[in-house]
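In: need the 3D shape of this:
(one chain, ligands or ions: 2)
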Amino acid sequence: MNEINLVDLAKSGLNTGRSDIATAETDAHTETARIMQICNACRYCEGFCAVFPAMERRREFTPADTAFLSNLCHHCGACYHACQYAPPHDFGVNVPQTLAERRNETYQQLAWPTPLASLFERNGLVVVMVISACLAAAVGLMLAMISPDLFWGVHLGEGAFYQVMPHTVMAGIPMAITAFALLSFIMGWRRYWQATGAKWRGMPALRDAISATANLRYLGGNNAGNGEGCPTEDDRSSHLRRIYHQLTFYGFMLCFASTSTGTLYHYLLGREAPYGYFELPVILGTVGGVILCIGTAGLWQQKKKMEPAVKSMKHLGMDYAFIWVLFWVSATGLILLAVRETSYMGLALAIHLGLVYGFFLVLPFSKFVHGIYRFAALLADAGEKQPQNLR
Ligand code: SF4
Ligand code: SF4
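Out: Ligands and ions are numbered 1, 2, ... in the order given. Have a look, this model is predicted:
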């Protein structure tokens, strides 16, 4: 069903000599295709999530198909717990782990710029090194620009933050980093969309994909999103993973809204940060930060409780590193709010900025990309399953 037109790929400049996602017969692809063939004969799990109905629309599995299916999986683990062919059975069917291995491989294949794709390897270590370097750079930069008296001074009222770091430096660095991250995401999306042969099927498909993303439908335990949630290590089901994931997502969006309204205050209203405790940027940031801390701490705990057999051990560092950084970005934002009228403001601001800079630098090469590709997969899936597109 999902045929790839390699001539079009070549024309579009996508096929640039790297190991292409649409054609490379890697070990992870081969194992995914083997398992999907078994599942396609069995079909016991077809009501669990979007992966199985999408699988049933295919007779064979090309690298493009396995890339699409692996990014459609939410790694809930339900199909492993239900599978009569799971290890120690000779078939050795482990769908969550196999799809996770293939999915992580696609992150590397799709990464832009391509020479930086290896940052997905040993990602936990990469993230720690980049964050440490950014922390040191932020503190060092601040101390280089101002005297220790200013750094440890008490600064009150609007413009207090810019006593320790000029606005052009504080805003200019993240703007440049964010522009790079955005470009990287756009290129990654384009590569994914073209390489998997996905097609735009109109607004109904877009609405369905947004709805599935907004309520994390497939972490609900079935195709309708109203099941018993995700299985845990002790074979019970729980909605906690879905709840923590939603807290993380909406907390992040609120923090983004806080930064955006702060920017509007600065440029439209001519007001300088920090703003009053009951002003919109601070309210959004505080609520978002608290929600984000709870969400990321919960996700960390849920990940630890997950059945070890379904985890992709090779990439566990990437998962934990991303959650860890996101937690500390939000936690240091809250600490800054708490100490902003004390002599610790300079230090708290430097640490928070260092973490924010590091976070956005590693963003295109971190677990964050799962949101981009999963949404693309959900959008393609929503289009495929429209009645007129089924055959
Ligand atoms: S995971 Fe196992 S039970 Fe589920 S469809 Fe595949 S083979 Fe069947
Ligand atoms: S792990 Fe969950 S989301 Fe992934 S294929 Fe299995 S049931 Fe579907």
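
In: which single residue of the stretch 101-250 of the chain ends up nearest ligand 2?
Out: residue 218 (5.6 Å; Cβ to the nearest ligand atom). The C-beta positions use only the backbone N, C-alpha and C, and glycine is treated the same way.

In: what sits against that residue?
Out: Neighbouring residues of residue 218 by Cβ atoms under 8 Å, 6 or more residues apart in numbering: 49, 50, 74, 76, 212, 225.

In: and the two most separated of those residues?
Out: The largest separation in these, counting by Cβ to Cβ, is between 76 and 212 at 13.7 Å.

In: which among the contacts of residue 218 gets closest to residue 154?
Out: Nearest to residue 154 among these, with distances taken as Cβ to Cβ, is residue 74, at 47.7 Å.

In: can I assume the closest one is in contact with residue 213?
Out: No: judged on Cβ atoms under 8 Å, residue 74 makes no contact with residue 213 at a distance of 10.7 Å.

In: show me the shaky parts of the protein.
Out: Counting by pLDDT under 70, the chain has low-confidence residues at 1-19, 390-391.

In: okay, now residue 192: neighbour count?
Out: 25 (other Cβ atoms under 10 Å).

In: was I right about it contacting residue 110?
Out: Yes: counting by Cβ under 8 Å, residue 192 sits close enough to residue 110 to count as a contact (5.4 Å).

In: hey, what's in contact with both of those two?
Out: Common neighbours of residue 192 and residue 110 (Cβ under 8 Å, 6+ apart) are 21, 373.

In: helix, strand or coil for residue 275?
Out: Three-state call for residue 275 (DSSP: H, G, I helix; E, B strand; the rest coil): coil.

In: now name the helix or strand holding residue 266.
Out: Applying DSSP states H and E as the criterion places residue 266 in helix 240-268.

In: show me what that helix is packed against.
Out: strand 230-231, helix 280-305, helix 316-339 (3 or more Cβ pairs under 8 Å, 6 or more residues apart in numbering; DSSP states H and E).

In: run the last query once more with 6 Å
Out: helix 280-305 (3 or more Cβ pairs under 6 Å, 6 or more residues apart in numbering; DSSP states H and E).

In: ok, and for the helix it packs on, which residues are buried?
Out: By 16 or more other Cβ atoms under 10 Å, the buried positions in helix 280-305 come out as 281-300, 302-303.

In: do stretch 48-65 as well
Out: 48-55, 57-58, 61-65.

In: mind checking which of these are in helices?
Out: 51, 52, 53, 54, 55, 63, 64, 65 (DSSP state H).

In: and these as JSON lines, adding distance to residue 142?
Out: Supplementary listing: these in JSON lines, determined by distance: Cβ to Cβ, whole Å:
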{"residue": "51", "distance to residue 142": "48"}
{"residue": "52", "distance to residue 142": "53"}
{"residue": "53", "distance to residue 142": "54"}
{"residue": "54", "distance to residue 142": "50"}
{"residue": "55", "distance to residue 142": "53"}
{"residue": "63", "distance to residue 142": "48"}
{"residue": "64", "distance to residue 142": "48"}
{"residue": "65", "distance to residue 142": "51"}
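
In: ok so, going back, can you give me how far the helix holding residue 266 is from the chain middle?
Out: How far helix 240-268 lies from its chain's middle: 14 Å, per Cα atoms, centre = their mean, to the nearest Å.

In: swap in stretch 164-175?
Out: The answer for stretch 164-175 is 26 Å, by Cα atoms, centre = their mean.

In: what residues does it touch?
Out: Under the contact criterion Cβ atoms under 6 Å, 6 or more residues apart in numbering, stretch 164-175 has outside partners 142, 146, 346, 357.

In: is stretch 103-122 in proximity to ligand 2?
Out: No: remark: stretch 103-122 sits outside contact range of ligand 2, by Cβ under 6 Å from any ligand atom, the gap being at least 9.7 Å.

In: spatially nearest residue to residue 226, not counting backbone neighbours?
Out: residue 220 (5.8 Å; Cβ to Cβ, 6 or more residues apart in numbering).

In: pretty sure the one you found is touching residue 237, no?
Out: No: counting by Cβ atoms under 6 Å, residue 220 does not reach residue 237; the two are 10.3 Å apart.

In: between these two, which has more neighbouring residues?
Out: Taking other Cβ under 10 Å, residue 220 and residue 237 do not tie; residue 220 has more neighbours (20 against 16).

In: picking up where we left off before, in JSON lines: the contacts of stretch 164-175, plus neighbour count, distance to ligand 1 and secondary structure.
Out: Output for the contacts of stretch 164-175, formatted as JSON lines (neighbours: other Cβ atoms under 10 Å; distance: Cβ to the nearest ligand atom, whole Å; DSSP: H, G, I helix; E, B strand; the rest coil):
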{"residue": "142", "neighbour count": "21", "distance to ligand 1": "53", "secondary structure": "helix"}
{"residue": "146", "neighbour count": "16", "distance to ligand 1": "60", "secondary structure": "coil"}
{"residue": "346", "neighbour count": "25", "distance to ligand 1": "55", "secondary structure": "helix"}
{"residue": "357", "neighbour count": "22", "distance to ligand 1": "43", "secondary structure": "helix"}
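
In: these: which two are farthest apart?
Out: Farthest pair in these, by Cβ to Cβ: 146 and 357, 18.0 Å.

In: closest to ligand 2 among the ones in helices among the buried residues of stretch 48-65?
Out: residue 51 (3.9 Å).

In: hang on, the closest one packs against residue 72?
Out: Yes: using Cβ under 6 Å, residue 51 is in contact with residue 72, at 5.1 Å.

In: near ligand 2, which residues of this protein?
Out: Checking the chain against ligand 2 by Cβ under 6 Å from any ligand atom, the hits are 45, 48-49, 51, 73-79, 95-96, 99, 218.

In: top of these by neighbour count?
Out: residue 95 leads the residues of the chain next to ligand 2 on contacts (other Cβ under 10 Å) with 31 neighbours.

In: leaving out the residues flanking it, which one is nearest to it?
Out: Closest to residue 95 by Cβ to Cβ, 6+ apart is residue 79, at 4.6 Å.

In: tell me which element that neighbour is part of?
Out: Using DSSP H and E, residue 79 falls in helix 78-82.
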